[in-house]
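>>> pasted the sequence and its predicted model underneath.
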Amino acid sequence: MTSDLRAFAADDPRFIYAACRDGGPGLVHLPDGEAETYGSLTRTTLMCPVPGCPAPSITTVGGDRRHHFRHLRNDAATDHGPETWHHIESKEVLAECARTRYPNAVVTFEKVLAAGARIADVFVTLPDGTRFAIEVQISPLPVERFRERHSWYRHAGIVDVWLFVHAGVHLRAG
């Protein structure tokens with residue numbers, strides 16, 4: 001196994017995106033090597049990107065490893081787990097890609113649909129009215145649930161795009 005593949009498969013839990021305390025859209029990316037530069041922003045402007053985090057205060061960590069954000073408080077309440085981090089970061093990257101590719105589109109992060117029955121990870125509405133939802137699936141998903149969700153989007157006239165992230169077996173039976 002190559003070192004890149006080993007690193008990918010190792011499920012790195014460090015998080016490199018933070019949310020703005022003022023509730024502004026999007027996330028702030030921490031470039032590698034910039035922990036010191038972004039450190040002061042964690043005290044005034046940035047916080048944990050996980051909605052409802054009970055201890056959203058964060059700081060930056062540098063050194064020899066990939067520079068990243070971390071909670072000031074390190075306990076069970078702030079252990080969101082790698083799936084949560086990867087899901088949030090994946091959605092942010094995809095939303096930014098959609099904004100770049102379709103600058104005149106309306107791109108919504110976690111769009112509530114069907115009176116709350118469905119939440120699209122990233123929802124894009126093009127100027128011509130075409131709508132598509134991008135779903136990042138990290139946890140295993142039974143085939144029947146995938147079919148139900150796909151069918152719902154199709155009947156609603158929304159193109160659904162699914163990205164199955166490396167995290168074990170997907171589309172399992174039952």
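Nice, thanks for sending it over.

>>> ok, and what's touching the longest helix along the chain?
Counting by DSSP state H, the longest helix found in the chain is helix 81-101. For helix 81-101, the surrounding residues in contact (CB atoms under 8 Å, 6 or more residues apart in numbering) are 11-17, 26-27, 49-50, 105, 107, 109-110, 121-122, 124, 134, 136, 138-139, 163, 165, 167. Heads up, the C-betas are built off the backbone N, CA and C, glycines and all.

>>> what's the answer for stretch 48-58, then?
By CB under 8 Å, 6+ apart, the list of residues contacting stretch 48-58 reads 15, 17-19, 27, 42, 46-47, 69-73, 75, 77-78, 80, 84, 88, 92.

>>> which ones among these lie within strands?
Among the contacts of stretch 48-58, DSSP state E puts 17-19, 27, 46-47, 69-71 in strands.

>>> what distance do you get for the residue nearest the centre of the chain to Phe69?
For the chain, the residue nearest the mean C-alpha position is Ile88 (1.9 Å; CA atoms, centre = their mean). Separation of Ile88 from Phe69 (CB to CB, to the nearest Å): 12 Å.

>>> just say helix, strand or coil for the residue nearest to Arg118 when sequence neighbours are not counted.
Nearest non-adjacent residue to Arg118, counting by CB to CB, 6 or more residues apart in numbering: Trp152, 6.4 Å away. When classified by DSSP: H, G, I helix; E, B strand; the rest coil, Trp152 comes out as helix.

>>> check contacts around Arg149.
Arg149 sits next to 118, 135, 160 when contact means CB under 8 Å, 6+ apart.

>>> I figured the residue nearest to Arg118 hits Ile119, correct?
No: Trp152 lies out of contact with Ile119 (CB atoms under 8 Å); the separation is 12.0 Å.

>>> of these two, which one has the most company?
Neighbours per residue (other CB atoms under 10 Å) separate Trp152 from Ile119, with Trp152 holding more: 16 against 13.

>>> and the protein, split by domain according to the record?
Domain assignment for the chain by automatic domain parsing gives 3-79, 82-164.

>>> quick one: the ones you listed as JSON lines, columns for mean pLDDT too.
Converted to JSON lines, these look like this (pLDDT from 0 to 100):
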{"stretch": "domain 3-79", "mean pLDDT": "82"}
{"stretch": "domain 82-164", "mean pLDDT": "90"}
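
>>> one step back: now for Ile88 and Phe69: what residues contact both?
15, 17.

>>> follow-up on the earlier one: just checking, next helix/strand downstream of the longest helix of the chain?
Sequence order places strand 106-113 as the next helix or strand after helix 81-101, per DSSP states H and E.

>>> so which elements touch the helix or strand following that following strand?
Downstream of strand 106-113, the next assigned helix or strand under DSSP H and E is strand 118-125. Strand 118-125 sits against helix 81-101, strand 106-113, strand 131-137, with contacts defined as 3 or more CB pairs under 8 Å, 6 or more residues apart in numbering; DSSP states H and E.
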